[in-house]
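Attaching a predicted model along with its sequence, questions to come.
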Amino acid sequence: MKTSLELTAENFTRITNDTNGNPRYYLPIYLAGESAVRKIGGAKYRGKKYGPRWVFQSYALQGEIDYLNTSA
């Protein structure tokens, strides 16, 4: 699902690190399609605190944003 909305860093929310100390971010599920998010290692957020979202780890958030903005 591609939207005309260009993603920015403000669309992502930093959450606690994973068990290995890697930074994690989540993104509302309606802002990016499943195939694009899965290619960058994303998974569905299964917790109840934030609602339906994609969650992934990244040390280079801007690179992930650029990829999601150019993917179909």
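Cool, got the structure. Computed from a predicted model, the values in this text were never measured in an experiment.

Now do the strands for the chain: every range, in order, please.
Applying DSSP state E to the chain gives strands spanning 13-15, 24-28, 43-44, 53-57.

Pick the most buried one from the ones you listed.
Ranked by mean neighbour count, the strands of the chain are led by strand 53-57 with a mean of 20 (mean count of other C-beta atoms under 10 Å). C-beta coordinates here come from the backbone N, C-alpha and C atoms, glycine included.

just to revisit the earlier point, can I get the strands of the chain in TSV with distance to L7 and mean pLDDT?
What follows is the strands of the chain, written out as TSV (distance: least, C-beta to C-beta, whole Å; pLDDT from 0 to 100):
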stretch	distance to L7	mean pLDDT
strand 13-15	13	93
strand 24-28	8	92
strand 43-44	18	92
strand 53-57	11	92
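
got TSV for those, with distance to E64 too?
Below are these laid out as TSV (distance: least, C-beta to C-beta, whole Å):
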stretch	distance to E64
strand 13-15	13
strand 24-28	8
strand 43-44	14
strand 53-57	7
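
Mind listing what's buried along the longest helix anywhere in the chain?
Ordering each helix of the chain by length in residues (DSSP state H) puts helix 61-70 first. The neighbour-count check on helix 61-70 (16 or more other C-beta atoms under 10 Å) flags E64, I65, L68 as buried.

pretty sure L7 is touching L31, no?
Yes: with contacts counted by C-beta atoms under 8 Å, L7 reaches L31, the gap being 6.3 Å.

and for those two, which residues touch both?
Counting by C-beta atoms under 8 Å, 6 or more residues apart in numbering, L7 and L31 have no contacts in common.

Can you give me the buried ones in stretch 28-39?
The neighbour-count check on stretch 28-39 (16+ other C-beta under 10 Å) flags I29, L31, A32, G33, A36, V37 as buried.

got the phi/psi numbers for the fourth one?
So the one you mean is G33. Torsion angles at G33 (phi, psi; degrees, to the nearest 10) stand at phi -80, psi 160.
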